[in-house]
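Engineer: sequence-free structure coming up:
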């Protein structure tokens, strides 16, 4: 009888022990939204045609200027974007974008088109429809790497997530779009490449465009 009582007490004791729930990290700091946060980029645009290629560049500055409640009742952030073609010039307004953080995603409205930039929680196996909130059709975004270091010119970032937004490669076409976000910083690198090529050779380009955006100051 004493043994039965002992085991009964032991079972009751174990059942009362607190359950250790480990919080799943969402890593929303890969896209921080802070008022007056300012970042500067160098943008390079290369246009290819039958005459060769034409390369141009400009400086881009982004500032989160204010938070407001949008028509859906969400807190959204106004991103003012400025540009200049020479470092000696003053910045002039280029356009205004809007970003907001939802429970499970980041949405950014660019030229009045909303894209789902990241989802949460995010991990190595994450993928989603980047066009879920626009009319452009399904476009799969997927994580290429996460929590990895990234070096960009003279800047070093310890933890980054790389998102592929589009990829196509065959004998006549090459397309690659990706964005890289650093923890606590946000977007640090972006590229959009759409080329028509010959015989699968990236050095033999008929026409197309390459857009590269690199963080230079934050």
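Structural biologist: That came through, no problem. It should be emphasised that the depicted structure is a prediction, and the values quoted were computed from it without experimental measurement. Numbers count the residues shown, from 1 in each chain.
Engineer: which outside residues touch stretch 145-160?
Structural biologist: Contacting residues not belonging to stretch 145-160 are listed as 122-124, 161-162, 180-183, 185, 188-189, 214-216 [C-beta atoms under 8 Å, 6 or more residues apart in numbering]. In this view, the C-beta of every residue, glycine as well, is placed from N, C-alpha and C.
Engineer: Run through the strands of the protein in chain order.
Structural biologist: Remark: strands assigned in the chain by DSSP state E are 38-49, 52-69, 75-84, 92-101, 105-110, 113-119, 127-129, 140-152, 155-169, 173-182, 186-198, 201-217.
Engineer: Mind checking those for the one nearest to residue 31?
Structural biologist: The closest approach between residue 31 and any of the strands of the chain, judged by C-beta to C-beta, belongs to strand 105-110 at 4.6 Å.
Engineer: now the angle between strand 186-198 and that closest one, please.
Structural biologist: Relative orientation of strand 105-110 versus strand 186-198 (axes from the mean of the first three to the mean of the last three C-alpha atoms, to 10 degrees): 60 degrees.
Engineer: Just give the strands next to strand 105-110 in its sheet, each with its orientation.
Structural biologist: In its sheet, strand 105-110 lies beside strand 92-101 (antiparallel), strand 113-119 (antiparallel), with partners assigned from DSSP bridges.
Engineer: hmm, back to that, can you put the strands of the chain in CSV and add mean neighbour count, mean pLDDT and distance to residue 31?
Structural biologist: Rendered in CSV, the data for the strands of the chain read as follows (neighbours: other C-beta atoms under 10 Å; pLDDT from 0 to 100; distance: least, C-beta to C-beta, whole Å):
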stretch, mean neighbour count, mean pLDDT, distance to residue 31
strand 38-49, 16, 98, 12
strand 52-69, 14, 97, 11
strand 75-84, 17, 98, 11
strand 92-101, 15, 97, 7
strand 105-110, 18, 98, 5
strand 113-119, 20, 98, 6
strand 127-129, 15, 98, 14
strand 140-152, 15, 97, 13
strand 155-169, 16, 97, 10
strand 173-182, 20, 98, 6
strand 186-198, 18, 98, 6
strand 201-217, 14, 96, 14
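Engineer: Residue 28: which of those is closest?
Structural biologist: Across these, residue 28 has its closest neighbour in strand 92-101 (6.3 Å, C-beta to C-beta).
Engineer: which residues does the nearest residue to residue 217 once chain neighbours are set aside bridge with?
Structural biologist: Among residues not flanking residue 217 along the chain, residue 40 sits closest, at 4.1 Å (C-beta to C-beta, 6 or more residues apart in numbering). On the basis of DSSP bridges, residue 40 is bridged to residue 61, residue 217.
Engineer: Sounds good, over and out.
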